[in-house]
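S.K.: whatever this is, show me its structure:
(chains A and B)
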Number of protein chains: 2
Amino acid sequence: MMKFEHNIPYKIYLTENELPTAWYNVRADMKTKPAPLLNPATGRPMTFEELQPVFCDELIRQELDNDTAYFPIPQEIRDFYKMYRPSPLIRAYCLEEALQTPAKIYYKFEGNNTSGSHKLNSAIAQAYYAKQQGLSGVTTETGAGQWGTALSMACAYLGLDCKVFMVKVSYEQKPFRREVMRTYGASVTPSPSETTQIGRAILKEHPGTTGSLGCAISEAVEAAASVSGYRYVLGSVLNQVLLHQSIIGLETKTALDKYGIVPDIIIGCAGGGSNLGGLISPFMGEKLRGERDYRIIAVEPASCPSFTRGTFAYDFCDTGKVCPLAKMYTLGSSFIPSPNHAGGLRYHGMSSILSQLYHDGLMEAVSVEQTKVFEAAEFFARTEGILPAPESSHAIRTAMDEAIRCRESGEEKTIVFGLTGTGYFDMVAYEKFHNGEMQDDIPTDEALAQSFAKLPRIPGQA
Amino acid sequence: MMKFEHNIPYKIYLTENELPTAWYNVRADMKTKPAPLLNPATGRPMTFEELQPVFCDELIRQELDNDTAYFPIPQEIRDFYKMYRPSPLIRAYCLEEALQTPAKIYYKFEGNNTSGSHKLNSAIAQAYYAKQQGLSGVTTETGAGQWGTALSMACAYLGLDCKVFMVKVSYEQKPFRREVMRTYGASVTPSPSETTQIGRAILKEHPGTTGSLGCAISEAVEAAASVSGYRYVLGSVLNQVLLHQSIIGLETKTALDKYGIVPDIIIGCAGGGSNLGGLISPFMGEKLRGERDYRIIAVEPASCPSFTRGTFAYDFCDTGKVCPLAKMYTLGSSFIPSPNHAGGLRYHGMSSILSQLYHDGLMEAVSVEQTKVFEAAEFFARTEGILPAPESSHAIRTAMDEAIRCRESGEEKTIVFGLTGTGYFDMVAYEKFHNGEMQDDIPTDEALAQSFAKLPRIPGQA
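M.R.: Numbers count the residues shown, from 1 in each chain, chains lettered A, B, ... in the order given. Alright, predicted model coming up:
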């Protein structure tokens, strides 16, 4: 029988009155601000006007604002949040017992909604501002499908058209994901497609290609810019996305404060940085303001190790090179990760905010092999009951490793990690794991060096 | 913007302290008790001893007890319940607005756990009593896969072996379901199989058959009875299952009472009756005791209409006729429903408790066509955000129909329905619906008459 602490529930649910009413912008507390997006043609920072053909006005304001600490959450977005938030902060009593660790482990579970992940937090915000601006619809790309699903849901709710470019390999391997998006009324196009100039060019150059996230981004941007009344939206990497995702961290902090719990270590998986950036933001704020110290750990796949083996440089966000340049830890926009199954973490770059924080020594990063991640995922499912997404399981792996370290040292550390989503649509990967057919696919130094050599030159710089 | 009632939250969550501590046995308040299970060889009621080779002792006690009103929930089961309960009672503000109805609609959502449905409520109880009795493992059958997943999860938690016979057509069409069960350590065998006498006999008689729930039950019972240390467990139909599922209704009633809400109509989908029986039990108790009146509506598929077109008679629970006879509304154990996609409702019979209540005029039943069900499912997904299971969507259909009736009559009725689970593993069916390939498959009168003609004779009766 489990040993519950009587004062701490198994799951901490905030009441609807305790829901945050403003997003927190961690940039306001950063001494070194994240580097601005650059126009690849001029080498100068992208202006509001230059971004207008692609993004909604209000989202550009959020993107460029490094100073405002809090952005009020519009009432209609707060109403939508009530449909699936607050998300529970769960004490992993069963996992602690199974690991025989003195550590106390908590996880913020964002999977209890149909999109299956935290992506809905930013999808509804971005769709809302598009609607407010009187637009007809939005375009986007999706890899694993969580972001596309989330955006489809938000657009269905607001009556907005939604065009999703889905990486072709996922479109074919995940027909159910595609069907969920159709259920929410979105149109889903496999990328690369014949519907865009860039898609046609890529298909001509690489016939039979199964696509990539970077390529789908290029198509979605082109599709938005070429039809009036449409804008492009993105589910990660951007400053605005981390702003919206701060709801995760704010709720987590409120729940912890309510019970007087102070974490020692905060852990999140990192692909483009949306979940990690959101989860850590209020804690990082305290750290930046010198109020409190935390160990903050980003976990990335060994197959796509932007932080741990990437370089801190300006790079394109997309393969087609139609997007601005962003300064980030990157493997190079020409780097093609192996068809690893944690699709949501298979991105060559990383949020500029997180990149700057990592560069300034304010957080750590580790990379983990895929087979180790699935071992942790299965162990977690059997002890905690939740079937985790492969992406989320990177954080589980590292949380377990830290808890095992506590067992060895006897330290009673408090660990908080982000459980971003569920793995219902990832059973092909679980099957490979069960059948012993899973590979770790770690890139060679040579492959990375070749990719770094192709990093863009910035006009006007040496 | 939605009009929220300020005193009623979007989602009502009970605190862990408000969780029920005992299950409620509606039979205690029934004037006419459900008819007993009969031994098909003797025609006499099954005794405790006759049931012992198949079921765990404590579960037989629960099965046969028509008098005890409350069974305390053991602490270890309550601890497990905390992993995914209380489940939220959600006010369907968005659905009400979309339907422009004056009705107030609430739904009890049981899908927020990895099994994706309410099935876990009874799975943990049955696995717990098996463990308490010192058994090595349990066997069961699964059709849609929700019950098999739930049982796998419960067995993984308690360290019990779990053998699942999965209807072959589902085994092949739902490889992801199978893989989830494997993740939880269960062994999954497609049924009919070569591993049992009954399986071999069925395969010999019908080579190439894709199986049925009734056939998988026969195999699972044989597998349990033929190995020492194993017992058979069932996810629906039985009295004990309805007892465990009363947690759904008890939580619902506590949540409604907390805010002074009194429902006029309570709606649930009905296959074997586990969800409906659980949801309505405390309300039916009040009705039976003459304390309050409610309209209670069972919703079943037009393709498998046990209540609305079945006959009230003793019948076998399984195709192989190894189980006792149960008195119930049945289409005949030889009735083979078309491969309709609401797999969890494709059972020829119905819980004896619910059958008796329906026979006594204490509840209503309606049947709905599959295409109408998916229309409702998609509408619900787009307005309320949750992607519902096809089974659950039967209740959605009828709740929407009642709400539309209120719009026409102007009545401000309060409707509560059970949303039993999510449809993540049912996207093949959604795809058929989107592509206009879905059929309603309503059985002919002739087919039913032929099946009724094969109902068993009871020894010693005319």
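
S.K.: can we go C-alpha only for contacts and neighbour counts from here?
M.R.: Will do.

S.K.: ends of stretch A:382-396, how far apart?
M.R.: Between the opening and closing residues of stretch A:382-396 we find a distance of 13 Å, counting by Cα to Cα, to the nearest Å.

S.K.: list the buried residues for it?
M.R.: Buried residues in stretch A:382-396, defined by neighbour count with 16 or more other Cα atoms under 10 Å in any protein chain shown: A:382-396.

S.K.: can you check stretch A:423-435 too?
M.R.: Of the residues in stretch A:423-435, A:423-431, A:433-434 count as buried by neighbour count, 16+ other Cα under 10 Å.

S.K.: from these, which single one is nearest A:Ala130?
M.R.: Set against A:Ala130, the nearest of these by Cα to Cα is A:Phe425 (28.8 Å).

S.K.: mind listing what the closest one touches?
M.R.: Residues in contact with A:Phe425 (Cα atoms under 8 Å, 6 or more residues apart in numbering or on different chains) are A:174, A:176-177, B:424.

S.K.: recalculate using a threshold of 7 Å.
M.R.: For A:Phe425, no residue meets the contact criterion (Cα atoms under 7 Å, 6 or more residues apart in numbering or on different chains).

S.K.: in CSV, list the buried residues of stretch A:423-435 along with pLDDT.
M.R.: Shown next, in CSV, are the buried residues of stretch A:423-435 (pLDDT from 0 to 100):
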residue, pLDDT
A:Gly423, 93
A:Tyr424, 91
A:Phe425, 90
A:Asp426, 90
A:Met427, 90
A:Val428, 88
A:Ala429, 90
A:Tyr430, 93
A:Glu431, 92
A:Phe433, 93
A:His434, 92
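
S.K.: which parts of the stretch 51-200 of chain A are helices?
M.R.: Ranges of helices in the stretch 51-200 of chain A, per DSSP state H, counting those that start in this stretch, are A:57-64, A:75-81, A:93-99, A:120-132, A:146-158, A:168-173, A:175-183, A:197-205.

S.K.: mind giving me the packing neighbours of the helix or strand following the last one?
M.R.: Toward the C-terminal end, the helix or strand that comes next after helix A:197-205 (DSSP states H and E) is helix A:213-225. The helices and strands touching helix A:213-225, judged by 3 or more Cα pairs under 7 Å, 6 or more residues apart in numbering or on different chains; DSSP states H and E, are strand A:137-142, strand A:161-167, helix A:197-205, strand A:230-232.

S.K.: what mean pLDDT does stretch A:222-238 have?
M.R.: Model confidence over stretch A:222-238, given as mean pLDDT, is 94.

S.K.: contacts for it?
M.R.: Counting by Cα under 7 Å, 6+ apart, residues outside stretch A:222-238 touching it are A:53-56, A:119, A:122, A:126, A:135-140, A:147, A:196, A:220-221, A:241, A:272-274, A:350-351.

S.K.: again, but for stretch A:240-254
M.R.: For stretch A:240-254, contacts defined as Cα under 7 Å, 6+ apart pick out A:19-20, A:23-25, A:59, A:62-63, A:89, A:108, A:121-122, A:235, A:274-275, A:277-282.

S.K.: ok, now which ones touch the most centrally placed residue in chain A?
M.R.: Within chain A, one residue has its C-alpha closest to the average C-alpha position: by Cα atoms, centre = their mean, that is A:Ser274, at 3.3 Å. Listed by Cα under 7 Å, 6+ apart, the contact set of A:Ser274 reads A:236-237, A:241-242, A:245.

S.K.: leaving out chain neighbours, which residue sits closest to A:Thr42?
M.R.: Spatial nearest neighbour of A:Thr42, chain neighbours left out: A:Pro459 (5.8 Å); criterion: Cα to Cα, 6 or more residues apart in numbering or on different chains.

S.K.: measure the one you found to A:Tyr314 for me?
M.R.: Computed as Cα to Cα, the A:Pro459 to A:Tyr314 distance reads 12 Å.

S.K.: between those two, which is the more surrounded one?
M.R.: For A:Pro459 against A:Tyr314, the residue with the higher neighbour count under other Cα atoms under 10 Å in any protein chain shown is A:Tyr314, and the figures read 25 against 13.

S.K.: contacts for the strand or helix carrying the more buried one, please.
M.R.: For A:Tyr314, the element it lies in under DSSP H and E is strand A:311-316. Residues lying outside strand A:311-316 but in contact with it, judged by Cα under 7 Å, 6+ apart, are A:323-333, A:455-456.

S.K.: tell me which residues of stretch A:178-189 are tucked away?
M.R.: By neighbour count, with 16+ other Cα under 10 Å as the criterion, the buried positions of stretch A:178-189 are A:178-189.

S.K.: return the member of these nearest to A:Asn39.
M.R.: Taking Cα to Cα as the measure, A:Asn39 lies nearest A:Thr189 of these, at 28.4 Å.

S.K.: surely the closest one meets A:Lys168?
M.R.: No. Shown here, A:Thr189 and A:Lys168 do not form a contact pair, counting by Cα atoms under 7 Å, at 8.4 Å.

S.K.: restricted to helices, list the contacts of A:Ser274.
M.R.: A:241-242, A:245 (DSSP state H).

S.K.: before we move on, back to that, helices and strands around the next helix or strand along the chain from the strand holding A:Tyr314, which ones?
M.R.: Past strand A:311-316, heading to the C-terminal end, the next element that is a helix or strand (DSSP H and E) is strand A:325-330. In this structure, strand A:325-330 packs against helix A:306-309, strand A:311-316, helix A:352-359, with contacts taken as 3+ Cα pairs under 7 Å, 6+ apart.

S.K.: and those as TSV, adding mean pLDDT?
M.R.: Putting the helices and strands packed on strand A:325-330 into TSV (pLDDT from 0 to 100) gives the following:
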stretch	mean pLDDT
helix A:306-309	97
strand A:311-316	96
helix A:352-359	98
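
S.K.: re earlier: measure the residue nearest to the centre of chain A to A:Ile248 for me?
M.R.: 10 Å.

S.K.: so what's A:Lys327 up against?
M.R.: Contacts here follow Cα under 7 Å, 6+ apart; on that basis A:Lys327 touches A:35, A:312-315, A:352.

S.K.: quick one: which of the residues you listed is most hemmed in?
M.R.: Neighbours were tallied for each of the contacts of A:Lys327 (criterion: other Cα under 10 Å), and the maximum of 31 neighbours falls on A:Asp315.

S.K.: having no further points to raise, I will conclude here.
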